[in-house]
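Undergrad: got a sequence here, can you build the structure:
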Amino acid sequence: MKKVDWTYRTTDKELLPFGAGSSLVNPANVDEEAIWLSFLTGDEESLVYIYKTYIDKLYTYGGQFCRQAHLLEDFIQELFFELTDKRERLSNVKSIKGYLFASLKRKILRDMRRTKREELVDDGFLFSYEKQSHAIFNDLKEADFRLVFQKVNQLPISQREIIFLYFYEGMKYSEIAEVLDVKVETARKHMYRALKELRAEIGSQLKDFYLIPILFNLPVIS
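TA: The predicted structure is shown next:
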């Protein structure tokens, strides 16, 4: 497959290196369905928006399955090449992030299972504790936070993934279901089981169960 250098596929004056931080934030009032429709009709500005908004997120998410940076870069470049090459045949989507995450995950898993050139990582979606990020919770001790993170990281990788998608990426259950290739109700059940297990582990050791607000800013190890 022909490789596309996405480093310079931008109309901005300041060109971003591949994987660099994006200066374009995805504001809540952006109509991504409209952006996707514009992209399907060949609008290059919509393509730039999609690339700059999600490139770092794709690296973080894809890195949980593939640890080799050069392979991950190939997967992401191929993903964007296919988007532009097949855009006329693509369907409408409600969530660009959900579509990109699901597409990248399928691409990585399919290639690795086919080539067996790298074993799938079994330590993905591990979360790290950052003291400063939770200074607002003054009534909790550092040991309490570390306990939460320890218990989260002891969950099965599938449960850590759904916690990452819901709390860290802020995805709706409909988006998570697309990424996990399951029904929406199944995604809800997976989350319920993960939180139920954490509550059983942590609830007896902490006076109050602070897991939910803590996880909203949970930093993931990339």
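Undergrad: which stretches in this protein count as helices?
TA: 32-40, 44-62, 69-85, 96-115, 142-153, 157-163, 173-180, 184-202, 211-215 (DSSP state H).
Undergrad: can you pull the contacts of the most centrally placed residue in the chain?
TA: Nearest to the geometric centre of the chain sits residue 61, at 4.2 Å (Cα atoms, centre = their mean). By Cβ atoms under 8 Å, 6 or more residues apart in numbering, the contact set of residue 61 is 101, 104-105, 169. For every residue, glycine as well, the C-beta is placed using N, CA and C.
Undergrad: between those residues, which sits nearest residue 87?
TA: residue 104 (16.8 Å; Cβ to Cβ).
Undergrad: sketch out the low-pLDDT regions of this protein for me.
TA: Along the chain, segments meeting pLDDT under 70 span 1-29, 117-122, 130-140, 204-222.
Undergrad: do that again at 90, thanks
TA: Residue ranges of the chain with pLDDT under 90: 1-32, 66-68, 88, 94, 109-124, 126-153, 167-168, 170, 192, 194-222.
Undergrad: just to revisit the earlier point, so which of the helices of the chain is nearest residue 129?
TA: When these are ranked by proximity to residue 129, the top entry is helix 142-153, at 4.6 Å, counting by Cβ to Cβ.
Undergrad: could you dump that closest one to CSV, C-alpha only?
TA: This file holds the C-alpha atoms of helix 142-153, laid out as CSV (Å, rounded to 0.1, in the frame of the first residue of the first chain):
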residue,chain,number,x,y,z
GLU,A,142,-2.4,10.1,48.7
ALA,A,143,-2.6,6.5,49.8
ASP,A,144,-6.3,6.5,49.0
PHE,A,145,-5.7,7.6,45.5
ARG,A,146,-2.9,5.1,45.0
LEU,A,147,-5.3,2.4,46.2
VAL,A,148,-7.9,3.4,43.6
PHE,A,149,-5.3,3.3,40.8
GLN,A,150,-3.9,0.0,42.0
LYS,A,151,-7.3,-1.6,42.0
VAL,A,152,-8.2,-0.2,38.6
ASN,A,153,-5.0,-1.6,37.1
